[in-house]
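Asks: Okay, here's the prediction I keep looking at, along with the sequence it came from:
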Amino acid sequence: MNDYIHKLKEHNLKVTPQRLGILSIIQKSGHISIEELYVAVRRDFSTISLATLYKNINFMVEVNLLKEVKIPNGKSKYEIVKEEHSHMICKKCSKLEDLELSLQSVVQTASKKSGYLFDDNALVLSGICPQCQ
Ligand SMILES: [Zn+2]
Ligand SMILES: [Zn+2]
């Protein structure tokens, strides 16, 4: 938690109980959508509005404290920024998990072939998880 206090301060964001509460919920759940987060946050901060939550999340994405994981055909999830990684999502239970996989060689090949300079190489693989198979 001290880490977050430091990071918030570093980016001139006020350290509020709400922001710390939001961060700790996201950390505990790993990946969470705004809607799920809203339900969880309201248990501790019953007066928080969805608009305030969005504003806080957007701030924290801007300062690179949180990362948005865009889900194909689904709602974005948010996670605490850590080392770059990919994701896999189960089509049956909608579980989202981290996938430690280096895309460096794929991105390099794609860049060579197309001439593009890629700055976003987020990968979300979808399928059926072992539990749902
Ligand atoms: Zn599943
Ligand atoms: Zn992740």
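Replies: The structure has been received and is ready for your questions. Ligands and ions are numbered 1, 2, ... in the order given.
Asks: Run through the residues of this structure sitting next to ligand 1.
Replies: Neighbours of ligand 1 within the chain, by CB under 5 Å from the ion: 90, 92-93, 129, 132. All C-beta spots, glycine's among them, are computed from the backbone N, C-alpha and C.
Asks: Can you give me the buried ones in the helix or strand of the chain with the lowest mean pLDDT?
Replies: Ranked by mean pLDDT, DSSP states H and E, the weakest helix or strand in the chain is helix 2-10, scoring a mean of 82. Neighbour counts over helix 2-10 (16 or more other CB atoms under 10 Å) mark 4, 7-8 as buried.
Asks: Let me see the domain layout of this structure.
Replies: The chain breaks down into these domains under automatic domain parsing: 2-80, 86-132.
Asks: Highest mean neighbour count out of those domains?
Replies: Mean neighbours per residue, mean count of other CB atoms under 10 Å, is largest over the domains of the chain for domain 2-80, with a mean of 15.
Asks: Next to ligand 2, which bits of the chain? Give me the list.
Replies: 79, 98.
Asks: Okay, helices next: where are they in the chain?
Replies: Under the criterion DSSP state H, the chain contains helices at 2-10, 17-29, 34-44, 50-62, 104-114.
Asks: Low-confidence ranges, this structure, go.
Replies: Applying pLDDT under 70 to the chain picks out residues 1-2.
Asks: Show me what stretch 118-127 is in contact with.
Replies: Applying CB atoms under 8 Å, 6 or more residues apart in numbering, the contact partners of stretch 118-127 are 69-72, 86-91, 99, 101, 103, 106-107, 110-111.
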